[in-house]
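Undergrad: The amino acid sequence is not available; the structure is as follows:
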């Protein structure tokens, strides 16, 4: 199975449920293929590539599609059924980077004080304390636990700095979720996800989605907070070289703080999930970047 | 409260007002408007407030402003008792030049600003035209700032910053956001780079996504939207 065939087995987000208009056709791209997202007058939604229909489903505030006739099941987010939470889809932001780089950046805490200064981190609190990373064998997901970080403003609803606990989940190569301390309640965790639509190997649309306990903030404020964080990331992501994610450990040297990233890269390699990746240090693009 | 700002944290035009308020140390009430994806600024409720259907909107009593140049002028008149930012007494020439560069700032919004919105959110625009216009605007401001530097002037119209600098700063600073290898990075523009540093060094400077503080600046005391906490002082 080659890179694109492997990638075609999954579901991908291509639109936001609340954003679609009746009797409307939108054009977008997925894995280098042009597709059309059609909404009938009746509200029925369908997706076509070269006039052939693809599977579609709606979940977690978004429309998902897969080029495969028998896609792998879409991952479960149990919190999506918890109606005490507020569900916040944030639209998409286009980034010129590999879809895998977008996911990897989402899993990293070490950059918080430098990229999200005074929001998700602040100097001198830059140390990433040891945490655990595992592969959940039954679900086949990368899981990082016991991640702790000092945050001046962990969420829109936070009024003071707090030490935030994080759990990260990577249920499929281009989707990731985190569970973090809810600033208002100590018995539950907020959920933040990024669903990545790979337009091709070097461009993606990122659809952030949140399931929060926050009865104070307006939708506009919560969406703005998440967009702001992601736009700070975007500047960094667009400047990473090479654009594709290197999977050979010789190509980018990890540190202790990068354990999640190391596990993610290994897991991608094990699955042959290399769409958007650079596999070997003899790869031309890698040699050229040196 | 001195005024209410209907604001969107990712907008360069909104940032002009947040930045100037921070520099002048003026408190205001901020209301977040969901520009994207909901286009809340075009909603019935918002259109009733301002027919322009744009952001930001500045409201003070019964006065509603929808053009940032007018807002910056109003803020300078109202809160800058030293008349540094709109130096009315320094003569017609200087004031006319300030107005000229404030007009020019709308070129930046139409070119850099629109191309950036397209790059981020796929907002429809004639992209080639916007990018070409953005390059032209950057070249124009670069050559002007180079000439200014021959007269030891660090800013657009004077040796001190004026509201013209605030008006032009955001979209010049944000031009790399449009994308790599489009001729909109700052590498080829040394005079622009040094002008951006001069503005980032001002007391009260605040960042926005895509515009970072200088490393040696104190980045403390700002909230997520880049606002400094209220100090109780009003100009």
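TA: Cool, the structure landed. Since this is a predicted model, take the numbers as computed values, not measurements.

Undergrad: what's near enough to touch the residue nearest to residue B:124 when sequence neighbours are not counted?
TA: Spatial nearest neighbour of residue B:124, excluding adjacent residues (Cβ to Cβ, 6 or more residues apart in numbering or on different chains): residue B:118 at 7.3 Å. No exception for glycine: its C-beta is placed from N, CA and C like everyone else's. Applying Cβ atoms under 8 Å, 6 or more residues apart in numbering or on different chains, we find residue B:118 in contact with B:124, B:125, B:127, B:130.

Undergrad: Are any of the residues you listed buried, and if so which?
TA: B:125, B:130 (16 or more other Cβ atoms under 10 Å in any protein chain shown).

Undergrad: Sort out which of the contacts of residue B:118 are in helices and list them.
TA: Among these, the members found in helices (DSSP state H) are B:127, B:130.

Undergrad: if we can go back for a sec, let me see the mean pLDDT of the host helix or strand of the residue nearest to residue B:124.
TA: Element membership for residue B:118 (DSSP states H and E) is helix B:114-121. Taken as a whole, helix B:114-121 carries a mean pLDDT of 97.

Undergrad: for that helix, which positions count as buried?
TA: Buried, per 16+ other Cβ under 10 Å, within helix B:114-121: B:114, B:115, B:116, B:117, B:118, B:119, B:120, B:121.

Undergrad: Run through the residues of the stretch 51-200 of chain A sitting next to chain B.
TA: A:89-94, A:96, A:117-119, A:122, A:153, A:156 (Cβ under 8 Å from any Cβ of the partner chain).

Undergrad: With chain A as the reference, measure out to residue B:119.
TA: 6 Å (Cβ to the nearest Cβ, to the nearest Å).

Undergrad: which residues of the chain fall in helices?
TA: Using chain A here. A:3-7, A:99-106, A:112-115, A:219-237, A:259-271, A:284-289.

Undergrad: I was thinking of chain B, sorry if that wasn't clear
TA: Under DSSP H, chain B gives helices at B:12-24, B:44-49, B:68-79, B:92-108, B:114-121, B:127-150, B:163-173, B:190-200.

Undergrad: Need the winner for burial among those helices.
TA: helix B:163-173 (a mean of 26; mean count of other Cβ atoms under 10 Å in any protein chain shown).

Undergrad: relative to helix B:68-79, how tilted is that one?
TA: Per axes from the mean of the first three to the mean of the last three Cα atoms, to 10 degrees, the angle that helix B:163-173 makes with helix B:68-79 is 140 degrees.

Undergrad: okay, the angle between helix B:163-173 and helix B:127-150?
TA: 130 degrees.

Undergrad: on that earlier part again, any idea which of the residues of the stretch 51-200 of chain A next to chain B is closest to residue B:73?
TA: Using Cβ to Cβ, residue A:118 is the member of those that sits closest to residue B:73, with 30.6 Å.

Undergrad: Look up how far residue A:161 lies from that closest one.
TA: Look at residue A:118 and residue A:161: by Cβ to Cβ, to the nearest Å, they are 9 Å apart.

Undergrad: shared neighbours of the two, which are they?
TA: With Cβ under 8 Å, 6+ apart, residue A:118 and residue A:161 have common neighbours A:152, A:153.

Undergrad: and those two? which has more neighbours close in?
TA: residue A:118 (21 against 14; other Cβ atoms under 10 Å in any protein chain shown).

Undergrad: contacting residues for the closest residue to the more buried one other than its chain neighbours?
TA: Leaving aside its chain neighbours, residue A:118 sits nearest to residue A:152 (5.1 Å; criterion: Cβ to Cβ, 6+ apart). If you count contacts by Cβ under 8 Å, 6+ apart, residue A:152 has them with A:118, A:119, A:120, A:121, A:122, A:161.

Undergrad: Let me know the pLDDT of the residue nearest the centre of chain A.
TA: Nearest to the geometric centre of chain A sits residue A:194, at 2.9 Å (Cα atoms, centre = their mean). At residue A:194, the model reports a pLDDT of 98.

Undergrad: Which single residue of the stretch 51-200 of chain A ends up nearest chain B?
TA: residue A:91 (3.3 Å; Cβ to the nearest Cβ).

Undergrad: What count of nearby residues applies to residue A:219?
TA: Neighbour tally, residue A:219, other Cβ under 10 Å: 15.

Undergrad: That one is in contact with residue B:33, isn't it?
TA: No: look at residue A:219 against residue B:33 with Cβ atoms under 8 Å: they stay out of range, at 10.7 Å.

Undergrad: Distance-wise, check the most far-flung residue of chain B relative to its centre relative to residue B:114.
TA: Relative to the mean C-alpha coordinate of chain B, counting by Cα atoms, centre = their mean, the farthest residue is residue B:44 (26.7 Å). Computed as Cβ to Cβ, the residue B:44 to residue B:114 distance reads 25 Å.

Undergrad: can you count the residues close to the closest residue to residue B:175 other than its chain neighbours?
TA: Excluding the flanking residues, the one nearest residue B:175 by Cβ to Cβ, 6+ apart is residue B:184, at 4.2 Å. Residue B:184 is flanked by 25 other residues according to other Cβ under 10 Å.
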